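1. Turn this into a model:
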Amino acid sequence: MANLLKRGLIIIVGSVLLAIGVNVFLVPDHVLDGGMIGIGLIVHYLWGMETGLSIIMLSIPIFIIAWFKYRRYFYNSLHGLLISSFFIDVFQVLRLYHLSLDPAVSSMIGGAFVGGGIGVMLRFQTSTGGTDLLAQMLADLMNINVGVVILFLDLVVISIGGYLFSTQTLMLSALTILSVAAVTMLCTSRITLISHLYVEK
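-> Just a heads-up that it's a prediction; the model follows:
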């Protein structure tokens, strides 16, 4: 029970960080993140749909596959997806408090918040699902590193965004995903170290 409450608290903390990054730093400058968040932002920019709701709707096919083929991934990601998507939409009021920063700086700070949110959740074996969940399934299927798959999917998303919007969107979004990756690695490095020590024993 204590572990369940702890995981729930971590998901909330991670979702708040993620929602701040998206709403305060990315959306006001029309910047994308990678993965399903980026796809949700594309839908929002094009048609005005709520970003979090779009993420949930677009993730349904992935979670259906996970339910039948990768049940452990399904359980580890479902709560993170629902809560983080909910927080993204609830916290959209924060867009009114966007800081007047250089868009490149804002993109990196936003990426740091998003990476912090994702990294905190990954440390407790949960995630926001979406394309990260798809990447885990593809990595298992093709026997390749999940990080390579995630990077590829992120590049596809921001390339689509660059094509649909502008070169500036592409460049700022690239800064964002690099910042997300760097902070996520920092947040999860302790897990990697512990797992290496465990294997060595």
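2. Could you use CA atoms for every contact and neighbour count after this?
-> Fine.
3. Once you drop chain neighbours, what's closest to Leu186?
-> Nearest residue to Leu186, sequence neighbours excluded (C-alpha to C-alpha, 6 or more residues apart in numbering): Gly119, at 7.8 Å.
4. residue boundaries of the helices in this structure?
-> Under the criterion DSSP state H, the chain contains helices at 2-20, 35-47, 51-69, 71-90, 103-123, 130-142, 146-164, 167-200.
5. Go through the ones you listed and pick out the most buried.
-> Across the helices of the chain, the average number of neighbours (mean count of other C-alpha atoms under 10 Å) peaks for helix 103-123, which reaches a mean of 25.
6. just the angle between that one and helix 71-90, please?
-> Here helix 103-123 runs at an angle of 140 degrees relative to helix 71-90 (axes from the mean of the first three to the mean of the last three C-alpha atoms, to 10 degrees).
7. Show me what helix 103-123 is packed up against.
-> Using 3 or more C-alpha pairs under 8 Å, 6 or more residues apart in numbering; DSSP states H and E as the contact criterion, the neighbours of helix 103-123 among helices and strands are helix 2-20, helix 167-200.
8. what residue ranges in the protein score low on pLDDT?
-> Along the chain, segments meeting pLDDT under 70 span 1, 190-201.
9. Among the helices of the chain, which comes closest to Leu96?
-> Each of the helices of the chain was scored for nearness to Leu96 using C-alpha to C-alpha, and the closest is helix 2-20 (11.8 Å).
10. who touches stretch 95-110?
-> Stretch 95-110 is contacted by residues 20-29, 31, 172-173, 175-176, 179 when judged by C-alpha atoms under 8 Å, 6 or more residues apart in numbering.
11. In a markdown table: the helices of the chain, plus distance to Tyr97.
-> What follows is the helices of the chain, written out as a markdown table (distance: least, C-alpha to C-alpha, whole Å):
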| stretch | distance to Tyr97 |
| --- | --- |
| helix 2-20 | 11 |
| helix 35-47 | 19 |
| helix 51-69 | 18 |
| helix 71-90 | 14 |
| helix 103-123 | 13 |
| helix 130-142 | 28 |
| helix 146-164 | 24 |
| helix 167-200 | 19 |
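12. who's in contact with the residue nearest to Leu186?
-> Gly119 is in contact with Gly14, Val183, Thr184, Met185, Leu186, Cys187, Thr188, counting by C-alpha under 8 Å, 6+ apart.
13. quick one: Asn143 from Tyr73, how far?
-> Asn143 sits 16 Å away from Tyr73, taking C-alpha to C-alpha, to the nearest Å as the criterion.
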